[in-house]
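Enquirer: after the sequence you'll find the predicted model.
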There are 2 protein chains.
Amino acid sequence: MSWLDIAPDSPFSLANLPFGIISTSGNSTPRAAVAVGTYAFDLSTFSPASAPAKVKQHWEAFSQPTLNTFASLGRPFHREVREYLQTVLKDASNKDAVSKCLIPLAEVTNHLPLKIGDYTDFYASTNHAYNIGVLFRGPDNALQPNYKHLPVAYHGRASSVVVSGTPIRRPWGQILLDPKAEPKVPTFTPCKRLDLELEMGMFICTPNNLGEPVDVQSAEEHIFGYVLMNDWSARDIQAWEYVPLGPFTSKNLGTSISPWVVLADAAIPRTEGLPNENQLASYLQEGKKANMLDISLEVDLITANGKKKTITKTSSKNLLWSWPQMIAHHTITGCNLQPGDLFGSGTISGTETGTEGSLLEQTKGGKMVVNVEDEERKFLLDGDSIVIRGWAGKDGERIGFGEVGGQILAPLDLGKK
Amino acid sequence: MSWLDIAPDSPFSLANLPFGIISTSGNSTPRAAVAVGTYAFDLSTFSPASAPAKVKQHWEAFSQPTLNTFASLGRPFHREVREYLQTVLKDASNKDAVSKCLIPLAEVTNHLPLKIGDYTDFYASTNHAYNIGVLFRGPDNALQPNYKHLPVAYHGRASSVVVSGTPIRRPWGQILLDPKAEPKVPTFTPCKRLDLELEMGMFICTPNNLGEPVDVQSAEEHIFGYVLMNDWSARDIQAWEYVPLGPFTSKNLGTSISPWVVLADAAIPRTEGLPNENQLASYLQEGKKANMLDISLEVDLITANGKKKTITKTSSKNLLWSWPQMIAHHTITGCNLQPGDLFGSGTISGTETGTEGSLLEQTKGGKMVVNVEDEERKFLLDGDSIVIRGWAGKDGERIGFGEVGGQILAPLDLGKK
Ligand SMILES: [Ca+2]
Ligand SMILES: [Ca+2]
Ligand SMILES: [Mg+2]
Ligand SMILES: [Mg+2]
Ligand code: NI
């Protein structure tokens, strides 16, 4: 408990203390803050007089426009800062000093929390991979032979990762109007099958050198924290472009993340993930069963007319591979990770109706509809918004992610066809 | 001609003036230079007293540790700087002032010329795509239906791009020892089929905003310049991992580039590229025939014992898609490009024996050998070095790229299997 009077169901309890980058109308310089209750606690203006020496020494990291420097200081430092902040925020004698640095969240502009060097998107939810595989390649080849031997992934586009609230423009691209017609001749058109992908994102803090893989047992120490992610996807463009080198422009239109990074040191509950009957290669053997974060996830679809439906309820535990396993695999051939690198989990889907992390799955490739009050959707229409929420933990010590939202803008008029 | 006495066959003529980032034993601070004859001309220590006002105003960009700021100042500025430097270097009255800033290339340490935000690797050489397609999928599906409709590409790993001379460690990874055996069970082992890929690299200067595609007709103005590239590739790891989302760890072990960026404003000769019978989508219609750079390219393989062979002679014109077409396609769904982003052309291969840009192609997937004096190679062995050279233009006005080289280190001992 705290003099701060944080509501029991607040996503931003003292057990959470997620970090972000904010600016305000009065101070347009982006700087670091933690979310607590209904406030952003502006770290750049708080004086850490009573902090441990090392924390004081590096406090200027919170005046920087990204969290990269803070992240690069490593997990032990993050723990020290978290402990210090919890002490400060619990102790009523700090009320005056702290209050001066509290800004109502409603008055805050959020920025990308880290400068992202590279972004990698995994494909770690067996249920999603199976559902998509059925639609793209049929049930016989739905899961490729490699799927349960290694965490399948591809490099995403770091520059197009944006913070929650950024509008997403419906893209133009090449699609096959009739995928079965021969010869295959594409049409240049605005995307007709624009979709969301419900994912978790993970940021790297501690780097490794090129040529030096990260051991799966110590990979956890390379994790800065987690965010919610929506990997907007142009399904019709993806289907035409993705062979043989993978998705490209269909995933470049924007990837949205939530603004508050829940640090790896916040005690998110863990549980077992999806089953894997394979004997794994040594570098992927993590040796603990409860290696999945258990975060409740929900997706709302809100139409231009304000009609609203929670279309998905699922959990982040629906993954075959843990974050440490993804790190070990990403670096096994020597790839160097850097502070601020972003991993996506891949779309997270359960096995039942209403637990799928994409419209492509919910509508069986556009063959069915999702009802949003009196409207129907197969894919996203202009003006639609998607909001993803996520939280873990009990009342009073909630570890909430807040939300990541974005609205679809009408396509440009590219005129000539 | 110039008082500098540049050899007629020097890659670094006054018509070239490529930019790079250097340091020296006497001054370890990375800063900008141009290569001219056998020297690096240190721009950070040269006083641009007689330069046009705008050039003088931005000269401090050359004291930065990357060329990103210079690149971001745009093509008109690059032209102004090039003209000024040519004037300075031709005029004997500058001999004393210039000489103080000339450092023999042999005494210079080269660094990555730009900080790379994102790196994208294309697949633009039809000959290479066909050869690889035959090996991976057989002749019937060698070229996928989309290949001649859009520039196929995938996102690469920006962090693992390294400058010429950086050693490359043979990676461990999962491979199928017998690709035909069922069930498919991978083995964790050092890569047995390590290969080079001869490519050209292109750096972006002028950015575009998310959601705003770059028109193919103005895309040329977004090009900063070009380098040679070797996209080291673990073929056995690639074959197992690449379905369905594309190459990942097989391309993360390191990608080497030459240190001197030949600016787009250097007049590299142009010619026609590979034929395309398709009616292209409007956003890819460039409307000029001679849209390919014509750069002579050679690859040397040097063994640990010092045996040497030029295994490849080809030209950069062996591409189906031009750089402006790649830019237009990359951005068509709205992807934002940033100064310092790197594009790779994809492996460049001609149609004849000895013109292929990879060992995979030269040895028909390891079925034949390449002779290097009295040694034989199917793929690269530990201690082997690859050196790629490239140049265009006539004697006296050569536009040379110098070279990109790298040696293969023995794999780590990852011990336990
Ligand atoms: Ca995804
Ligand atoms: Ca390549
Ligand atoms: Mg994306
Ligand atoms: Mg590479
Ligand atoms: Ni990147």
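Expert: Okay, I see it. Ligands and ions are numbered 1, 2, ... in the order given.
Enquirer: so where's the longest strand in chain A?
Expert: strand A:399-409 (DSSP state E).
Enquirer: and whatever residue of the stretch 1-150 of chain A ends up closest to ligand 3, bridged to which residues?
Expert: Nearest residue of the stretch 1-150 of chain A to ligand 3 (CB to the ion) works out as A:D121 at 7.4 Å. Using the backbone N, CA and C atoms, a C-beta is placed for each residue, glycine as well. Note on A:D121: beta-bridge partners by DSSP bridges are A:Y154, A:G344.
Enquirer: and stretch A:369-383, anywhere near chain B?
Expert: No: on the criterion CB under 8 Å from any CB of the partner chain, stretch A:369-383 is out of touch with chain B, staying 13.3 Å away.
Enquirer: now that stretch: buried residues?
Expert: Within stretch A:369-383, the residues scored as buried using 16 or more other CB atoms under 10 Å in any protein chain shown are A:V370, A:V372, A:E375, A:R377, A:K378, A:F379, A:L380.
Enquirer: so, low pLDDT: which residues of chain A?
Expert: A:1, A:416-417 (pLDDT under 70).
Enquirer: name the residues of it found near ligand 1, please.
Expert: Proximity of chain A to ligand 1, by CB under 5 Å from the ion, involves residues A:D121, A:E197, A:D231.
Enquirer: may I ask which of those residues has the most neighbours?
Expert: A:D121 (28 neighbours; other CB atoms under 10 Å in any protein chain shown).
Enquirer: in chain A, which residue sits nearest ligand 4?
Expert: Among all residues of chain A, A:C335 sits closest to ligand 4, at 8.9 Å; criterion: CB to the ion.
Enquirer: that residue reaches B:S160, doesn't it?
Expert: Yes: because the distance of 5.5 Å satisfies CB atoms under 8 Å, A:C335 is recorded as touching B:S160.
Enquirer: so between the two, which is more surrounded?
Expert: Applying other CB under 10 Å to A:C335 and B:S160 shows that A:C335 carries more neighbours, namely 29 against 24.
Enquirer: nearest spatial neighbour of the more buried one, chain-adjacent residues omitted?
Expert: Nearest residue to A:C335, sequence neighbours excluded (CB to CB, 6 or more residues apart in numbering or on different chains): B:N252, at 3.5 Å.
Enquirer: okay but the one you found is in contact with A:T333, surely?
Expert: Yes: between B:N252 and A:T333 there is a contact under CB under 8 Å: 5.3 Å.
Enquirer: overlap in contacts of the two?
Expert: Common contacts of B:N252 and A:T333 (CB atoms under 8 Å, 6 or more residues apart in numbering or on different chains): none found.
Enquirer: picking up where we left off before, okay, the residues of chain A next to ligand 1 in a markdown table with distance to A:L4 next?
Expert: Formatted as a markdown table, those follow (distance: CB to CB, whole Å):
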| residue | distance to A:L4 |
| --- | --- |
| A:D121 | 37 |
| A:E197 | 35 |
| A:D231 | 35 |
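Enquirer: quick check, nearest of those residues to B:S316?
Expert: A:D121 (31.3 Å; CB to CB).
Enquirer: residues in contact with the closest one?
Expert: A:A153, A:Y154, A:H155, A:G156, A:E199, A:D231, A:K251, A:F343, A:G344, A:G346.
Enquirer: mind doing that once more with 10 Å?
Expert: By CB atoms under 10 Å, 6 or more residues apart in numbering or on different chains, the contact set of A:D121 is A:152-157, A:197, A:199, A:201, A:229, A:231, A:246-247, A:251, A:255, A:342-347, B:155, B:245.
Enquirer: A:N127: which element?
Expert: helix A:126-137 (DSSP states H and E).
Enquirer: where do the helices sit along the stretch 101-250 of chain A?
Expert: For the stretch 101-250 of chain A, helices defined by DSSP state H, counting those that start in this stretch occupy the ranges A:126-137, A:235-241.
Enquirer: alpha carbons only: can I get the shortest one in PDB?
Expert: Listed next in PDB are the C-alpha coordinates belonging to helix A:235-241 (Å, rounded to 0.1, in the frame of the first residue of the first chain):
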ATOM      1  CA  ARG A 235      -3.000 -10.900 -45.900                       C
ATOM      2  CA  ASP A 236      -3.600 -10.700 -49.700                       C
ATOM      3  CA  ILE A 237      -0.300  -9.000 -50.300                       C
ATOM      4  CA  GLN A 238       1.400 -11.500 -48.000                       C
ATOM      5  CA  ALA A 239       0.000 -14.500 -49.800                       C
ATOM      6  CA  TRP A 240       1.400 -13.300 -53.200                       C
ATOM      7  CA  GLU A 241       4.800 -12.100 -52.100                       C
END
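Enquirer: quick revisit: what about the longest strand of chain A, near chain B?
Expert: Yes: counting by CB under 10 Å from any CB of the partner chain, contacts between strand A:399-409 and chain B involve A:L409.
Enquirer: which residue packs closest to the residue in the stretch 101-250 of chain A that ligand 3 sits nearest to, ignoring adjacent ones?
Expert: Going by CB to the ion, ligand 3 is nearest to A:D231 of the stretch 101-250 of chain A, at 4.9 Å. Computed as CB to CB, 6+ apart, the closest residue to A:D231 that is not its neighbour in sequence is A:E197, at 3.9 Å.
Enquirer: do A:N276 as well
Expert: Nearest non-adjacent residue to A:N276, counting by CB to CB, 6+ apart: A:K148, 5.3 Å away.
Enquirer: what do you get for A:L409?
Expert: Going by CB to CB, 6+ apart, A:L409 has A:R169 as its nearest residue, at 4.5 Å.
Enquirer: done for today, thanks.
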